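# Model the structure of this input:
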Amino acid sequence: MKYTKTERKFFLWMSLLIVLLVVLFFLSFLIGSYSIEPQIVWDVIRSRFMNVPAYWESAIEKIILQVRIPRVLLAILVGGSLSVSGASYQTLFQNPMVSPDILGVSAGAGFGAALAMVREGSWAQIQFSALFFGLIAVGIAYFISSFYGRTEITTLVLSGVIVSSLFQALLSVVKTYADTDSQLPSITFWLMGSLGKGDMTDVMFMLPVTIVCMLILFLFRNQIDVLAAGEAEAMAMGVNVKVIRMIVILTSTLMTVVSVSICGIIGWVGMVVPHISRIFAGARYARLIALSFLVGSTFLLLMDNLIRGVGEVELPLGVLTALVGTPVFALLLIRSRKE
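A predicted model of the protein is given here:
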């Protein structure tokens, strides 16, 4: 079978990214405030599946299995999910400036988390509140759009802006009544994003959500490709535009809101990564989401490793992704303008 230039480029980058992600995966266990030898890391991981005599301290095993493995896996899942969500929204809305929080999911989740913190809820309650209000925000945006008897792209975007503004205002109200010594710093830090509090329970919750959502998007890849050419063309070719649009919104929103509920708001990943992926994957949706997942996973894992490896105080992950993502996005815009 003869492959085109775009297909060869896609398979090459897929292979390189998989190798890079595997290397980063194992290197991530060696980074942190507590230094651990590579052989010990390897033996501890093997001991979960094989009969390996324990010659290491119990504290080391706890750090590897309960702290670093969940954090590394969450970085991969969150980075990949946000990137696929961003690529899906950009394809659906036919707008390169769209990000996963276009319908107000991040604003709703932020309000939900802050509300639970003010009420002194547990970490599980904070996550559930963020998840619940994130979904509520998107539901309100879609309801406002459909209230006028249509759910056109422009109406959806404007509805998302309205809902985001509403929940940002509600968040400001909650922050006003929060205790300035304990609650307000926690809210502020959560809003800037972090992988530090994640555990294997979060991984086991997010993994099936990511797999199912990506599988659904892949199954409808051809219809989404047609929809990307325009609604009139899609309807002429027999595509049920409302159903496909709903599928993209539901799956992308679910991946985004689960990511935000676990790790807080991590910006720019869902906006920048799809642009980078599109350079190497082309316009085909199936290739785009596959490459976006790998690029997003690699990017976020690399950013988290930088945070853990540099300095004694961890910089919030969302801050670092913004610092890196902003100039990268500017360069992409300049490149696009030149072309």
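# How about stretch 42-59, which residues are buried there?
For stretch 42-59, a neighbour-count test (16 or more other Cβ atoms under 10 Å) marks D43, V44, I45, S47, W56 as buried. (C-beta placed from N, C-alpha, C; glycine too.)
# show me where pLDDT drops low in the stretch 1-150 of the chain?
Within the stretch 1-150 of the chain, the stretches with pLDDT under 70 are 1-3, 148-150.
# does N95 count as helix, strand or coil?
coil (DSSP: H, G, I helix; E, B strand; the rest coil).
# do the same with N51
coil.
# how close does it sit to D43?
11 Å (Cβ to Cβ, to the nearest Å).
# just L131 next, same as before
Plainly put, L131 is 37 Å away from D43 if you go by Cβ to Cβ.
# Contacts for stretch 37-46 next, please.
Applying Cβ atoms under 8 Å, 6 or more residues apart in numbering, the external contacts of stretch 37-46 come out as F26, F29, L30, V52, Y55, W56, I60, E61, I64, L65, I69.
# Restricted to strands, list those residues.
Among the contacts of stretch 37-46, no member is found in strands (DSSP state E).
# pretty sure S88 contacts S277?
No: S88 is not in contact with S277 according to Cβ atoms under 8 Å; the separation is 11.9 Å.
# And the two? Which one has more around it.
Taking neighbours as other Cβ atoms under 10 Å, S88 and S277 compare with S88 leading, 30 against 27.
# how about the more buried one, what does it touch?
Contacts of S88 by Cβ under 8 Å, 6+ apart are L217, I224, V248, T251, S252, I289.
# Look up how far V209 lies from it.
15 Å.
# Look at F218 and report its pLDDT.
Per-residue confidence (pLDDT) for F218: 95.
# rewinding a little: buried ones from the contacts of stretch 37-46, can you make that a PyMOL selection?
Written as a PyMOL command, the selection of buried residues from these, which uses 16+ other Cβ under 10 Å, is:
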select buried, resi 29+56+60+61+64+69
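# ok, so of the contacts of stretch 37-46, who is nearest Y177?
I69 (37.8 Å; Cβ to Cβ).
# So what's the residue count around the closest residue to that closest one other than its chain neighbours?
Nearest non-adjacent residue to I69, counting by Cβ to Cβ, 6 or more residues apart in numbering: M200, 7.3 Å away. For M200, the neighbour count with other Cβ under 10 Å is 13.
# Ok, the one 4 residues further on next?
When counting by other Cβ under 10 Å, one arrives at 11 neighbours for M204.
# list the helices and strands the strand or helix carrying it packs on?
Following DSSP states H and E, the helix or strand that holds M204 is helix 200-219. Judged by 3 or more Cβ pairs under 8 Å, 6 or more residues apart in numbering; DSSP states H and E, the packing partners of helix 200-219 are helix 69-93, helix 241-263, helix 285-309.
# tell me the most buried of these?
Of all these, helix 69-93 carries the top mean neighbour count, a mean of 27, counting by mean count of other Cβ atoms under 10 Å.
# if we can go back for a sec, how about the CA coordinates for the helix holding M204, as PDB?
Once non-C-alpha atoms are left out, helix 200-219 reads as follows in PDB (Å, rounded to 0.1, in the frame of the first residue of the first chain):
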ATOM      1  CA  MET A 200      -5.300   6.100  41.900                       C
ATOM      2  CA  THR A 201      -9.100   6.500  42.600                       C
ATOM      3  CA  ASP A 202      -9.000   9.600  40.300                       C
ATOM      4  CA  VAL A 203      -7.000   7.600  37.700                       C
ATOM      5  CA  MET A 204      -9.500   4.800  37.800                       C
ATOM      6  CA  PHE A 205     -12.400   7.200  37.400                       C
ATOM      7  CA  MET A 206     -10.900   9.200  34.600                       C
ATOM      8  CA  LEU A 207      -9.400   6.300  32.600                       C
ATOM      9  CA  PRO A 208     -12.800   4.700  31.500                       C
ATOM     10  CA  VAL A 209     -14.300   8.100  30.800                       C
ATOM     11  CA  THR A 210     -11.400   9.000  28.500                       C
ATOM     12  CA  ILE A 211     -11.500   5.700  26.700                       C
ATOM     13  CA  VAL A 212     -15.200   5.600  26.200                       C
ATOM     14  CA  CYS A 213     -15.400   9.300  25.000                       C
ATOM     15  CA  MET A 214     -12.500   8.900  22.600                       C
ATOM     16  CA  LEU A 215     -14.000   5.600  21.200                       C
ATOM     17  CA  ILE A 216     -17.300   7.300  20.600                       C
ATOM     18  CA  LEU A 217     -15.600  10.200  18.800                       C
ATOM     19  CA  PHE A 218     -13.600   7.800  16.700                       C
ATOM     20  CA  LEU A 219     -16.700   5.800  15.700                       C
END
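# Can you point out the buried residues in that helix?
D202, V203, M206, V209, T210, C213, M214, L217.
# Figure out how far it is from the centre of its chain.
Offset of helix 200-219 from its chain centre (Cα atoms, centre = their mean, to the nearest Å): 12 Å.
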